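>>> below are the sequence and a predicted model; questions follow.
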Amino acid sequence: MFALSLSRLLLQALPKQPVTPRATAQCIRSLTTSQQEPLKKGDLPIKMENPYKTPLKTCVLCNITVDFRNVQLLSQFISPHTGRIYGRHITGLCGRKQKEVSKAIKQARSIGFMSVTLKDPQFIKDPDICGIKHFE
Amino acid sequence: MPRYELCVILKAMQRPETAAVLRRTVETLLARGAVVRSLESLGERRLPYKISKHDSRHTHGGYFSVDFHASPRIVSELLDHLERDIDVLRPTVLKKDPERLQALCCGAQAERAHTATSR
């Protein structure tokens, strides 16, 4: 029995059908060096700018200088109830502009241009940039 | 000489008194060897918060801005002098940076990066 099973294993190990190589060197050469059609001059793609270009990502204050004197602009980025500066996730400004606005607001408060705990009443009706909903 | 800006808030006074205060402020500057570029009035307005200065609480003030060139040594003396002046509520001296090359804003920077990578 032992001898029989060994032979059976050997039979199973050996391939049943002869293995034919799928791709030989000669085959590959014939596949790649196929006859190519001669290129026509008018058939080449026309060089043009990408027509599906997406517009560049900009923040609201792109190319606008931020100054501590411009209290109206700075007041758009503070809460009307508490006067606190809104975070980046609310204002939607890029890193650089958010820092500039934050610094300018603090400077304006220190010098005496802007209030600390509230938003100047004359600027409350200004257009909403931050899009934050307040409890009415 | 570096360029400074003096943002000063004066007590709400009549015109001749305000003129006198501004005159003596500028004269102090000139006496210390500063070159005054310009003097602007930013209007008389209500203060954003009540300022207590020189034994009184103020609600209104006149905002003025003096642009000048001076040696850095006189800045601390000038601030000390203005703090003692009873008609001045809040003096602030700021440094005016020279117009540095406008750092490209997010949009322009993204465009530059895009063109660089495409090459």
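Sure thing, it's come through.
>>> hmm, the lengthiest strand in chain B in reach of chain A?
The longest strand of chain B (DSSP state E) is strand B:35-52. Yes: shown here: strand B:35-52 in contact with chain A (C-beta under 8 Å from any C-beta of the partner chain) through B:42, B:47-49, B:51. Where you see a C-beta, it was placed from the backbone N, CA and C, and this is true even at glycine.
>>> farthest-apart pair in the residues you listed, please.
Using C-beta to C-beta, the pair of the residues of strand B:35-52 next to chain A lying farthest apart is B:42 and B:49, separated by 17.1 Å.
>>> for chain A, what helix or strand is lowest in average pLDDT?
Least confident helix or strand, chain A: helix A:25-32 with a mean of 57, by mean pLDDT, DSSP states H and E.
>>> C-alpha coordinates for the helix or strand following it, CSV please?
Using DSSP states H and E, the helix or strand that follows helix A:25-32 towards the C-terminus is helix A:71-75. Extracted C-alpha coordinates of helix A:71-75, given in CSV (Å, rounded to 0.1, in the frame of the first residue of the first chain):
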residue,chain,number,x,y,z
VAL,A,71,-11.9,98.0,11.1
GLN,A,72,-14.9,97.2,8.9
LEU,A,73,-13.1,94.4,7.0
LEU,A,74,-11.7,93.0,10.3
SER,A,75,-15.1,93.1,11.9
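>>> where are the low-confidence patches of chain B?
B:99-104, B:106-119 (pLDDT under 70).
>>> for it, which segments count as strands?
Going by DSSP E, chain B shows strands at B:3-11, B:35-52, B:57-69, B:88-95.
>>> out of those, indicate the one that is most buried.
Among the strands of chain B, the stretch with the highest mean neighbour count (mean count of other C-beta atoms under 10 Å in any protein chain shown) is strand B:3-11, at a mean of 21.
>>> contact residues of chain A facing chain B?
A:56-59, A:62-63, A:69, A:94, A:96-97, A:109-117, A:120.
>>> go again using 7 Å as the cut-off
Within chain A, the positions near chain B by C-beta under 7 Å from any C-beta of the partner chain are A:56-59, A:62-63, A:94, A:111-116.
>>> give the PyMOL command for selecting the buried subset of those residues.
Buried residues among those (16 or more other C-beta atoms under 10 Å in any protein chain shown), as a PyMOL selection:
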select buried, chain A and resi 59+62+94+111+112+113+114+115
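>>> and the two most separated of the residues of chain A next to chain B?
Farthest-apart pair in the residues of chain A next to chain B is A:56 and A:112; separation 38.5 Å (C-beta to C-beta).
>>> now the closest residue to residue A:95 other than its chain neighbours: how far from chain B?
Computed as C-beta to C-beta, 6 or more residues apart in numbering or on different chains, the closest residue to residue A:95 that is not its neighbour in sequence is residue A:88, at 7.5 Å. From residue A:88 across to chain B, the span is 13 Å (C-beta to the nearest C-beta, to the nearest Å).
>>> sorry, back to before: which among the residues of chain A next to chain B gets closest to residue B:26?
residue A:111 (19.5 Å).
>>> that closest one contacts residue B:8, doesn't it?
No: counting by C-beta atoms under 7 Å, residue A:111 stays clear of residue B:8, with 9.5 Å between them.
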